[in-house]
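[1] I would like to see how this sequence folds:
(4 chains, ligands or ions: 5)
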Amino acid sequence: MRPEMREYNYDWLMGSMLHAASRVSNGTPKETELTYRYIPYFKNVAQSFIGAGEIGIQILKLFDRYYENILTAHERGQKIAASTFCFSPSIFYAMDIVPICMELLTALGNIVWRRGMFDYMDYGVEAGLPETSCSSQRGALGAYFAGLCEPIDFIVCDTPGVCDTNANAFAFTATFLDKPYYALNYPQVLGDDRSQNYHVEDYKELVRFMEAQTGNKLDYDRLGEVLQEVEKQDALIADIEDMHTLKPTPLAPIHNIALYAGKFTFSGNKEYTRLLEMIADSAKKRVKIGASGLKTGDEKLRVYMIYIDHYTLDMNFWNWFDENSVAHMGGMLSHHFRDNIEYTEALEGISYGVDTSSPESMFNSIAQMNARLPMVRSIRGPYDQPNMWLEETLALAKNFRADCLIYNGTPGCRNTWANVKLMVRDLEKHGYPTHIMNDDAFDDRVESWVATRERLEEFFQVRGLL
Amino acid sequence: MDTFYDAATRVRNKPILKWKEEGRSVVGYTCSYVPAEIFHAADILPIRLRGIETDGMDIGDTYYGPFICSFPKCILQLAGKGMFDFLDGAVITPGCDAMRRLDECWRKAGEDYEGILPSYFYYFDVPHKTEPHGMQWFVKEIRNLIDSVERHFDVRITDEKLKTAIRAYNQGRKLLQTVEDLRSQAEIKVSGTDVFAATVASTVMPRGEFTADLEKWIQSIKQNKPLKNGQKRLMLVGSISDEIDLVELVEKDNHAVVVAENLCFGARYESNQIPENGNPVQALAEHYLGKSVCPRMYGKYKERLGFLKDKIECAGVDGVIMQNIRFCDLHGAENALFERDLEAMGIPCLRIEREYGPLIETGRIKLRINAFLERIS
Amino acid sequence: MSIVAGCDVGSLTSKAVVMKNEKIVGSHIIKSKPRPQDSADAAMAGALSAAGAGPDDIEYCIGTGYGRDKILFVKEARSEISCHGKGARWLLPSVQTVIDIGGQDCKAMKIDGDGNVTRFLANDKCASGTGRFLEVMAKVLNIDIDAMGRFSAKARSPVTLAATCTVWAQADVIKYINSGVALEDIGAGINTAMAQRVAMLVNAVRPEGDILMTGGVAKNVGVVSTLEKLLGRKIKKTRKADPQMAGAIGAALLSMEQLNGNGRKDT
Amino acid sequence: MIVAGCDIGSLTAKAVLMEHGKVLADAVMRAKTRPSESADEVMQMAMQKAGLNMDDVGCVVGTGYGREQVSFVDSVESEISCHAKGAWHVRPSVRMVIDIGGQDAKATRIDKNGNVVRYLYNDKCASGTGRFLEVMAEALEIPLEKMGDVGARSTEKLTISNQCVIFAETEVISLVNEGKETSDIIHALHQALAKRVASLAKSIEVAEEVVMTGGVAKNSGVFQAISETLGIQLKPLDGMDPQLIGAMGAALYAQEKAAAAQEAV
Ligand SMILES: Nc1ncnc2c1ncn2[C@@H]1O[C@H](COP(=O)(O)OP(=O)(O)O)[C@@H](O)[C@H]1O
Ligand SMILES: Nc1ncnc2c1ncn2[C@@H]1O[C@H](COP(=O)(O)OP(=O)(O)O)[C@@H](O)[C@H]1O
Ligand code: SF4
Ligand code: SF4
Ligand code: SF4
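    Numbers count the residues shown, from 1 in each chain, chains lettered A, B, ... in the order given. Ligands and ions are numbered 1, 2, ... in the order given. Alright, predicted model coming up:
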């Protein structure tokens, strides 16, 4: 790692920038200009968030809060848990623990910093993670390995059985930093009684682990409150997703990421509810006048991303969608599977409900909910088994009336790269033109945006889509 | 020894072909978490699936994507070429992601190439934890496997038969442990290549035949003259390997002997005997899941390090070679940790990344091994 | 006093050095030929004629490099890692960390006061991070390998590049050329990509003390300066001899040790 | 009307002049660093052969890596579409095109009207390209054009398994050192390349009639090896130079464009 990077604490620096950016909108033009001078590299990105209106600003505020929580946790006597995306942080909030979602930190670093997270990723390799491991954890973890962050207290993840690279990265971290570790493990099927029981048993063990780490018993009243908030959020998301199916969609590409970034960071928190309300309100307004959420105001094509739906630096990818009048129907990460949603009806056993009537029912709800978050839901088992990757993709593509599909991942993703060729073959048979991107969603160096964009444009042109 | 070499270096080896000629069934499995005893009890020959003898990757690459470990790709390649046509069944496990996707890749290839998919194709869901609920899950998984074998092959696998099978396997384990003890001694009477051939052979030979041959071989080792002095005593660890030539390469110029290993096809589980009384399914579960030391069991690094340390001490190891197949994250990351911790204890380590399959990078690997030997001499 | 020699048959270049009294009396470098024997013969003939000596004058000769097992006239072969360690220590006695980047391989090593290697890591992944990567790129840009090194200093905004694969990086480079990016920026991007890979390797052996670079890529100022930035340490310069010769020098020094009887017997 | 297609590839630049679906003249040259220079020169070469100048050419379509840099084109099309179009024009019954150029390999399935149904590029780790063969030809000191013939004389089966161009080169050199016959090594190289490309075609499911385009198709050894690996005989292109198919496809697009423009008038 460059020595000058060691002079800054990674999370402090990120927090400060986001703090500055989130306050820019409150300032006079003069003040704004002055603030921008302090965050020169972040200026473009901050401007595009702020340009996106109050939702963009709310997202910035959310991230600002996120970092503030991390930076001040120990002062406030709270424990910090390192965790992964596709893990519902609601349990942490219920237990008064501050969560860190490593993948989100990597993605955010990529958006905020001009040079992306390269240095930290490379540090991850120097520490011992294989260069071929997933860049999404490796980036932020690199900063932790280098000791440039508020230390974490323990590690919790939910990927054994789902994604090796991910589970392995956290297991490695536990050893490297010598921190306690608990990992939920998922069987290969979802929805049958045996798996459901296993989910609950495993989750109970997890809670016991966290109780031991914090020295506090789980407070069921608090859990109930959090879950009720989750329920509220779920209802809002359901509304938003309903509107998303309309043609033209009232949502902009950036809303998708807001939806899941919020879910992976602030599920069960009031801030996230507020963000969702804003998204829902603005969408409703557009629906009323039949307006598109895209900048061009014109929707020519609808794309559903069959895995990760973003691409590294500078928000290039979303802007490209916007500029080409392509509506972003979200990806595997951004949809959610609570009961009574249209696309879950075709998929048995794949949805969850929230029931706060008793401690036992709450346990069940949160365990089943966690088991239905993106990755742990549909890429845990063979892709062509009932309600797994293929069926889910088809249901979503149909529901959101996608014209074509795009796979985007990271070379570190053994799990999907091992069967994406089969998957695409089947999707094509179902009539969906499908493009495989060869990039790394977190590392520009694997394939430059120039090359990625060219391949995308070629796909749309050759397949007669645009 | 010839039998062992034949078995270890050929996919379609003599014992398997003979077994087939007798009209008996063979089932292949991908991972050391599968209790072979179950098949033995049903008079089915259980063999580990391997990837040797491939001469291209056109079929492997058709189904698997590019960033995948070459071991399961080689298995698929062999399957596609009909090299596994003697199989009556295959059991796939979630050993790692690349391995578990062999399920889909093989099934899809089966749609394109006629006759390459065994009629019995089973997914064995091994959990990643040994906490009580994990163990419970695994016990049920074993019971389900037994049921399905009984149904498909029209056999009865009674507790008695299982116990007999466990006894038969234990005997082999005990003998392999004897070999391990022999090779660890100060005076080396057997090359690492020979020992590895024998351990690999143990995964693809009928147990009775293997045990008998092994017993004879052990007697003959004891008569051997000690190998030349001054050779470095090395240990080989890391990604899956059933490649005899890899060990051979290390020992080639007579500068080193491999006196210990911790490899998936090696003898690492052999020191544990399975209780022969009591509930056999429970005993199998506790052995196969509970005693495992493979990095797919996350969070058990300390146990694995302890295991290495014991071996290093007991075999008087001078240096450890850690290899990982490209795109194998599990072993890649763990090797780095091993290196950190073992070097800190003063044990020299060499970390290499390689491709599985016909040993194509001989020159590059040899260079590193030579430099390593120069370093520790 | 006896004359000793070292011969380093690399994948791209072959080098021979003749030494007397720990001083170089003759050296020669050629582009490697398909057959290592031929390369070795030609390189050694050149070094001998520079030294004004004949083959019979050499009392001990060690071969190294990728073709080391194929050289007929050497007494023994040693790995280039050990040789570069020795050679580097001769080039700069204070050196503790050596980075050797040749045509096929990139190695980072730590050495002790006698030039013995105490730890090393080599790049196993793929050809990026090797001299060959730079050559392929120079070819695509249609420029001289020498010029390529100097691009880093001139670049305004270096491009990011797919450093994971030579072949793929090449495709990216072509895309950049086609979209009219300045050659300097592309060249600098290539040097940076290379340096990033090397830095990862070097950091993983935990560099200490003075660092020296050996092998042909040491001549690429762009890679060297970017690497210095990434490592946050200076890479020492030496004028004693061409760092590309370090392997051959080391081999000659090891020959000397063998003659003097303080060499190791068994390896 | 006379139309032209200009294909600026990573290694070579190609131009084809056509009239009424017939080729008037063509040209191939080694690409220069600047695509625009290559384009100008190769167009000049073709026009000289046909005794024409730029004013005679009604419409030009560009394709290939460098297509965006060519100043004189009226529009651009991707290589995928152009190779499909060109191959289909020469042989309407074709349903799959395997195009191996200098930088990448692609498999494309087309429908009965010559439109692209699906296509796939070579994966990242890529030895299935013309570049691979060039590096090897250089290492073996054999001219590219001769590789096919030399490989055909092979008697011993060797395998080259390294996927990486650079490391495969080392493998080749060590085979040379072991005293292996050049013809056997070349044969093995062709096999290795064919396997990589075949898996590409198989991934999108191989069609009945397959042709090969791009410069590497001129290598009879690769042509044969791919046929064998796919288990079907690749079809010939009836005298048309496979390296020119992309440019030809572009010219056909130019023809369509010109016709549409005339209709509009
Ligand atoms: N003058 C130079 N400027 C920059 N780079 C150079 C120069 N000369 C050689 N190189 C680099 O050095 C590499 C060759 O290194 P070398 O140590 O001779 O390799 P090997 O020992 O494997 O034959 C070339 O690939 C090239 O990248
Ligand atoms: N006469 C020939 N014989 C065999 N191979 C050839 C011949 N001419 C060209 N090639 C091969 O074709 C490749 C160039 O293909 P081409 O389609 O022109 O590439 P691109 O369009 O990417 O520039 C060369 O790398 C070489 O391998
Ligand atoms: S490494 Fe472990 S999981 Fe993988 S095959 Fe071996 S025992 Fe099974
Ligand atoms: S070597 Fe690693 S990646 Fe390959 S099958 Fe074994 S555990 Fe999986
Ligand atoms: S082809 Fe590319 S990625 Fe593959 S090994 Fe070679 S340089 Fe690396």
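[2] where's the residue in chain B positioned nearest to chain A, which helix or strand?
    Proximity of chain B to chain A (Cβ to the nearest Cβ) peaks at residue B:336, 2.7 Å away. C-beta: built from backbone N, CA, C; applies to glycine. Following DSSP states H and E, the helix or strand that holds residue B:336 is helix B:329-344.
[3] Please identify the buried residues of that helix?
    B:329-339, B:341-342 (16 or more other Cβ atoms under 10 Å in any protein chain shown).
[4] Also stretch A:256-275?
    By neighbour count on 16+ other Cβ under 10 Å, the buried set for stretch A:256-275 is A:256-269, A:272-275.
[5] Chain B next: which of those are close?
    Counting by Cβ under 8 Å from any Cβ of the partner chain, nothing from those sits close to chain B.
[6] and those residues, which of them are in strands?
    Using DSSP state E, the subset of the buried residues of stretch A:256-275 located in strands is empty.
[7] dump the residue contacts of residue A:266.
    A:62, A:66, A:89, A:272 (Cβ atoms under 8 Å, 6 or more residues apart in numbering or on different chains).
[8] before we move on, what SS does the closest residue to the third one other than its chain neighbours have?
    So that's residue A:89. Using Cβ to Cβ, 6 or more residues apart in numbering or on different chains and skipping residues adjacent in sequence, the residue nearest residue A:89 is residue A:99, 4.3 Å away. Secondary structure state of residue A:99, per DSSP: H, G, I helix; E, B strand; the rest coil, is strand.
[9] and the nearest residue to the residue of chain B closest to chain A once chain neighbours are set aside, how many residues sit next to it?
    Excluding its sequence neighbours, the residue lying closest to residue B:336 (Cβ to Cβ, 6+ apart) is residue A:128, at 2.7 Å. Residue A:128: 22 surrounding residues under other Cβ atoms under 10 Å in any protein chain shown.
[10] correct me, but residue A:332 touches residue A:378?
    Yes - assessed by Cβ atoms under 8 Å, residue A:332 is found in contact with residue A:378 at 6.9 Å.
[11] Can you pull the residues that touch both of those two?
    A:389, A:392.
[12] Give me the pLDDT for residue 244.
    All of this refers to chain A. We have a pLDDT of 95 for residue A:244.
[13] looking at chain D here, not the other one
    For residue D:244, pLDDT reads 97.
[14] for it, what are its contacts?
    D:7, D:14, D:16, D:26, D:28, D:86.
[15] Please tell me which one of these counts the most neighbours.
    Busiest of the contacts of residue D:244 [other Cβ under 10 Å] is residue D:7, holding 36 neighbours.
[16] Quick check: beta-bridge partners of that one?
    As for beta bridges, residue D:7 partners with residue D:14, residue D:63 under DSSP bridges.
[17] so it makes contact with residue D:83?
    No - with contact defined as Cβ under 8 Å, residue D:7 does not reach residue D:83; the gap is 9.1 Å.
[18] who touches both of these two?
    Jointly contacting residue D:7 and residue D:83 under the rule Cβ under 8 Å, 6+ apart are residue D:246.
[19] Tell me how many other residues crowd the closest residue to chain A within the stretch 151-265 of chain D.
    Relative to chain A, the nearest point of the stretch 151-265 of chain D is residue D:203 (5.1 Å; Cβ to the nearest Cβ). For residue D:203, the count of nearby residues is 22 (other Cβ under 10 Å).
[20] swap in the one 4 residues further on?
    Other residues near residue D:207 number 18, with proximity taken as other Cβ under 10 Å.
[21] cool, and residue A:444?
    The burial count for residue A:444: 24, using other Cβ under 10 Å.
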